[in-house]
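# For reference, the sequence and a predicted model appear below.
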Number of protein chains: 2
Amino acid sequence: MLSIGDLSKRTGVKVPTIRYYEQMGLIEAAERSEGNQRRYERNDLERLAFIRHARDLGLDIPAIRELIALSQHPDLPCANADRIAADHLTAVREKIEKLKKLEHELERIISHCDGHSIEDCYVIRALSDHGLCEGEH
Amino acid sequence: MLSIGDLSKRTGVKVPTIRYYEQMGLIEAAERSEGNQRRYERNDLERLAFIRHARDLGLDIPAIRELIALSQHPDLPCANADRIAADHLTAVREKIEKLKKLEHELERIISHCDGHSIEDCYVIRALSDHGLCEGEH
DNA sequence: GATAATTCCTCTAGTGACTAGAGCTACAAG
DNA sequence: CTTGTAGCTCTAGTCACTAGAGGAATTATC
């Protein structure tokens, strides 16, 4: 039996976050000691590692909830799980594209600034005048 | 004199967002009509376009506040403005790197799944077992 | 000039995924 | 038995808005 602190150390998930996941229904409410403290077992460890891993990949809580539900029905086809992952991949790629546009625009603005006074500062001027931008954003 | 709705249409910033920016001190409290409605002028339009542009580039509100303050002192050197932009560029690049790692990991997981049952689903298995991952994340 | 439709006002609360803190209790080590 | 650490619950804060309630002002139509 593990305390919440033990579970935290073993999974790298902070103690308040574990309690938060319980509240969100990602992990079942733990058994309690006589003094009302949470006590965990091996399968809680696995569940929490699963959640942490999914969060590290950027999945949000509703998606994780769905994956957990799916994982408890080994006989079902896995199309839904694949779809969740694929949708997330699409979202990640879209974010990358947006950020790359920002990156290029910022690079361009910064490289155009000669670094003297605010009056001539290209950073400030570019912000004031959208006409100095390339493309729309 | 423009109403807040006019200002909104001309800049593409939503009405409640304009009020929010006023509250945050990014734009000065507007003059009011007899009936207590906000009335704007040309320079408010420019200021709001500046803010919107900076937000589109992903700058946060404290950074924008600082840029506005700088823009009102044309004689100062523009090193601070350049630094704000450069710091932001660094942050954008870091985000891109993180997202690319996620992208590759998700691609790998998805491509390994044969799409049959949950039991064999590589998406679920990869989440359950960190050992199936490449690299750390 | 009356009425209707639209816009505006303020204020509060909600978003996501936590994080911080207050005030209190339980447990482990010496 | 005391002390220190870890645990408990509950509330509120983060960021940049967004949604909605309930009411007042303005504009358009008749």
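Cool, got the structure. Numbers count the residues shown, from 1 in each chain, chains lettered A, B, ... in the order given.

# looking at chain A, which helix or strand does the model trust least?
Among the helices and strands of chain A, helix A:122-128 carries the lowest confidence by mean pLDDT, DSSP states H and E, at a mean of 89.

# how far is that one from where the chain is centred?
Remark: helix A:122-128 is offset 33 Å from the chain centroid, using CA atoms, centre = their mean, to the nearest Å.

# what pLDDT does the closest residue to A:I4 other than its chain neighbours get?
Once flanking residues are discounted, A:I4 sits nearest to A:R38: 4.8 Å by CB to CB, 6 or more residues apart in numbering or on different chains. C-beta: built from backbone N, CA, C; applies to glycine. Looking at A:R38, its pLDDT reads 97.

# now the most centrally placed residue in chain A, what's its secondary structure?
With distances taken as CA atoms, centre = their mean, A:G58 lies nearest the centre of chain A, 3.4 Å away. Secondary structure assignment for A:G58 (DSSP: H, G, I helix; E, B strand; the rest coil): coil.

# Settle this for me: it is touching B:L102, isn't it.
Yes - assessed by CB atoms under 8 Å, A:G58 is found in contact with B:L102 at 5.4 Å.

# Common neighbours of those two, please.
A:V92 (CB atoms under 8 Å, 6 or more residues apart in numbering or on different chains).

# give me the number of residues near the closest residue to DNA strand D within chain A?
Nearest residue of chain A to DNA strand D (CB to the nearest atom of the strand) works out as A:G5 at 2.2 Å. Neighbour count of A:G5, defined by other CB atoms under 10 Å in any protein chain shown: 12.

# show me where pLDDT drops low in chain A?
A:130-137 (pLDDT under 70).

# Pop the domain breakdown of it in here.
Domain segmentation of chain A under automatic domain parsing yields A:4-59, A:80-132.

# Those into TSV, with extra columns for distance to DNA strand C?
Formatted as TSV, the domains of chain A follow (distance: least, CB to the nearest atom of the strand, whole Å):
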stretch	distance to DNA strand C
domain A:4-59	2
domain A:80-132	11
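
# Contacts (any at all) between DNA strand D and whichever strand or helix holds A:P62?
A:P62 is part of helix A:61-71, with elements assigned from DSSP states H and E. No - Helix A:61-71 stays clear of DNA strand D (CB under 7 Å from any atom of the strand), getting no nearer than 14.4 Å.

# what's the neighbour count on the closest residue to the residue of chain A closest to DNA strand D other than its chain neighbours?
Closest residue in space to A:G5, ignoring its immediate chain neighbours: A:V15 at 6.2 Å, by CB to CB, 6+ apart. A:V15 has 14 neighbouring residues, counting by other CB under 10 Å.

# same thing with A:D129?
A:D129 sits with 13 neighbouring residues when counted by other CB under 10 Å.

# ok, now A:H104?
14.

# With A:E31 instead?
By other CB under 10 Å, the residues close to A:E31 number 12.

# Just list whatever residues bridge to it.
Counting by DSSP bridges, A:E31 is bridged to A:R39.

# Please name every helix or strand in contact with the least confident helix or strand of chain A.
helix A:79-112, helix B:42-56, helix B:61-71, helix B:79-112 (3 or more CB pairs under 8 Å, 6 or more residues apart in numbering or on different chains; DSSP states H and E).

# Turn these into a markdown table, columns for distance to A:D44.
Formatted as a markdown table, the helices and strands packed on helix A:122-128 follow (distance: least, CB to CB, whole Å):
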| stretch | distance to A:D44 |
| --- | --- |
| helix A:79-112 | 22 |
| helix B:42-56 | 42 |
| helix B:61-71 | 40 |
| helix B:79-112 | 24 |
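
# Among those, single out whichever gets nearest to A:S128.
The closest of these to A:S128 is helix B:42-56. By CB to CB, the value is 5.4 Å.

# List of residues touching that closest one?
Residues outside helix B:42-56 that contact it (CB under 8 Å, 6+ apart) are A:126-128, A:130, A:133, A:137, B:2, B:7, B:10-13, B:18, B:21, B:26-28, B:30, B:63-64, B:67-68, B:71.

# and the angle from that helix to helix B:61-71?
Angle of helix B:42-56 versus helix B:61-71, following axes from the mean of the first three to the mean of the last three CA atoms, to 10 degrees, is 130 degrees.

# Are helix B:42-56 and DNA strand D in contact anywhere?
Yes - shown here: helix B:42-56 in contact with DNA strand D (CB under 7 Å from any atom of the strand) through B:R55.
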